[in-house]
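# Model the following, please.
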Amino acid sequence: MLTRRFMLGAMLAAGTLAASPAFAEGAHAFDAKAFAAAQKAGKPILIAVHAPWCPTCKAQAPILSDLRADPKFKELVYFVIDFDSQKDLLKRFGVRAQSTLIAFKGDREAARSVGDTKRESIFAMVGKAV
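Purely as a prediction, here's the structure:
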């Protein structure tokens, strides 16, 4: 007989095992010290606010993977903020929705988009930080 506890555990495990594409190679969970160091070094930075249940985030994932593989963005430092568990960072960056992308050029915000799933416009938006 399946208990509620078993079902909740199974759902949690399934969500963990189905690794989010936003956490693909080269992506890092947001780290304040690494972010500050990248800003100080004047590096281009991309923050992706992601939720594993978000269809828009899932649509953005392969585009962001292609972007990070593009030689034009080889210096890009990429961080992911989890929309569900990192509410303090949402407040810090003024984020109101998952699927928000924020590009920084050093310590200055260069561009921001919410809900964009078009390859050309995402590349152009992040290009403002390079």
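# Helix, strand or coil: sort out the nearest residue to Gly106 once chain neighbours are set aside for me.
Nearest non-adjacent residue to Gly106, counting by C-beta to C-beta, 6 or more residues apart in numbering: Gly42, 4.1 Å away. No exception for glycine: its C-beta is placed from N, CA and C like everyone else's. Following DSSP: H, G, I helix; E, B strand; the rest coil, Gly42 is assigned to coil.
# residues near Gly42, how many?
Using other C-beta atoms under 10 Å, Gly42 has 13 other residues around it.
# ok, it to Ala124 distance?
Distance, Gly42 to Ala124, by C-beta to C-beta, to the nearest Å: 21 Å.
# One more: Pro52?
To Ala124, Pro52 is 27 Å away according to C-beta to C-beta.
# Have a look at the two and say which one is more surrounded.
Shown here are Pro52 and Ala124; by other C-beta under 10 Å, Pro52 has more neighbours (18 against 13).
# which element is the one residue sitting closest to the centre of the chain on?
Nearest to the mean C-alpha position of the chain, by C-alpha atoms, centre = their mean, lies Ala48 at 2.2 Å. Ala48 is part of strand 44-50, with elements assigned from DSSP states H and E.
# what's that strand packed up against?
In terms of contacts (3 or more C-beta pairs under 8 Å, 6 or more residues apart in numbering; DSSP states H and E), strand 44-50 is packed against helix 32-40, helix 55-69, strand 77-82, helix 87-93, strand 100-105.
# nearest to Arg119, of those?
helix 55-69 (5.0 Å; C-beta to C-beta).
# Can you pull out the low-pLDDT segments for the protein?
1-27 (pLDDT under 70).
# Mind doing that once more with 90?
Scanning the chain for pLDDT under 90 picks out 1-28.
# surely His50 meets Cys57?
Yes. If you go by C-beta atoms under 8 Å, His50 and Cys57 touch, sitting 4.8 Å apart.
# neighbour count winner among these two?
Ranked by neighbour count (other C-beta under 10 Å), His50 and Cys57 place His50 first, with 27 against 24.
# Distance-wise, check the more buried one relative to Leu64.
For His50, the distance to Leu64 - C-beta to C-beta - is 9 Å.
# between the helices and strands packed on strand 44-50, which gets nearest to Lys118?
Between Lys118 and the helices and strands packed on strand 44-50, the tightest spacing by C-beta to C-beta is seen for helix 55-69, at 8.2 Å.
# Good, wrapping up.
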